[in-house]
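Undergrad: Build me a model from this:
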Amino acid sequence: IQAANMGISRDRCHKRRNTGGRMAQLRKKRKFELGRPASMTKLGPRRIHTVRTMGGNKKYRALRLDSGNFSWGSESQTRKTRIIDVIYNASNNELVRTKTLVKSAIVQIDSTPFRQWYEAHYATPLGRKKGVKLSKDDEDAINKQRSKKVMKKYEERKKVAKVEGPLEEQFSAGRVLAKIASKPGAHGRADGYVLEGKELDFYLKKMKSKKGK
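TA: Predicted structure coming up:
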């Protein structure tokens, strides 16, 4: 006995009418009505499959991802960085437990690329604890000997080199919260942006109330 292959269908024929009556089956299933199983992208070494879609186009199904391009909006900087963990998902807590990457998921990313840029650009330490010895590269980026003309430029930059408190605390821990803005199951990428301002406050409050439960 051969088991019938049940596909995922997006048609309306199998649904009931608003009044509750059954719809008459006027035709069989059509290719343009098909649906596909969710990719459920996991956190792990990069693995992407291509899917042939309608019109000969392609979708890039990310089955596993471990990095992405994240943008720091207030500084207008984008860096490729490592995704460390999935922290919060508004739609389903199960997706947090299984470390599933979907659009709008809140993830923890490695802050090192952003910190290195900030310290080189502003010549100001970011998220450094007092008394901690810096590495040679970090020391050069912050306290390097510069000409008066260059120092004047850095002094002007330092006037606007303010990072808000909650974000600076995350930099000191080496991990910042970010939101995924791309669709890993369709584009094969987990790109997003660093959370700041009211949006960061909102998600910190959500996570705190979740822990309280």
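Undergrad: Look up how far residue 35 lies from the nearest residue to residue 29 once chain neighbours are set aside.
TA: Nearest residue to residue 29 in three dimensions, chain neighbours excluded: residue 9, at 5.7 Å (CB to CB, 6 or more residues apart in numbering). Where you see a C-beta, it was placed from the backbone N, CA and C, and this is true even at glycine. In this structure, residue 9 and residue 35 are 6 Å apart, going by CB to CB, to the nearest Å.
Undergrad: Would you check that the residue nearest to residue 29 makes contact with residue 31?
TA: No: with contact defined as CB atoms under 8 Å, residue 9 does not count as touching residue 31 (10.6 Å).
Undergrad: Name the residue in the two with the higher neighbour count.
TA: The neighbour comparison of residue 9 against residue 31 (other CB atoms under 10 Å) goes to residue 9, with 13 against 6.
Undergrad: What is the burial count for residue 191?
TA: Residues contacting residue 191 under the criterion other CB under 10 Å number 18.
Undergrad: err, residue 207, not the other one
TA: Counted with other CB under 10 Å, the burial measure for residue 207 works out to 14 neighbours.
Undergrad: from what I can see it touches residue 88, true?
TA: Yes: taking contact to mean CB under 8 Å, the distance of 5.5 Å between residue 207 and residue 88 places them in contact.
Undergrad: could you point out where this protein is predicted with low confidence?
TA: Under the criterion pLDDT under 70, the flagged ranges of the chain are 1-5, 130-142, 212-213.
Undergrad: got the CA positions of the longest strand seen in it in PDB?
TA: As far as residue count goes, and with DSSP state E defining each element, the longest strand of the chain is strand 77-88. Provided in PDB are the C-alpha atoms of strand 77-88 (Å, rounded to 0.1, in the frame of the first residue of the first chain):
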ATOM      1  CA  GLN A  77      27.700  51.700  10.200                       C
ATOM      2  CA  THR A  78      27.100  48.200   9.000                       C
ATOM      3  CA  ARG A  79      29.400  45.200   9.900                       C
ATOM      4  CA  LYS A  80      29.300  41.500   9.400                       C
ATOM      5  CA  THR A  81      29.200  39.900  12.800                       C
ATOM      6  CA  ARG A  82      28.500  36.600  14.500                       C
ATOM      7  CA  ILE A  83      25.000  35.700  15.800                       C
ATOM      8  CA  ILE A  84      25.500  34.300  19.300                       C
ATOM      9  CA  ASP A  85      22.000  33.400  20.500                       C
ATOM     10  CA  VAL A  86      18.200  33.900  20.000                       C
ATOM     11  CA  ILE A  87      16.800  35.900  22.900                       C
ATOM     12  CA  TYR A  88      13.200  36.700  22.200                       C
END
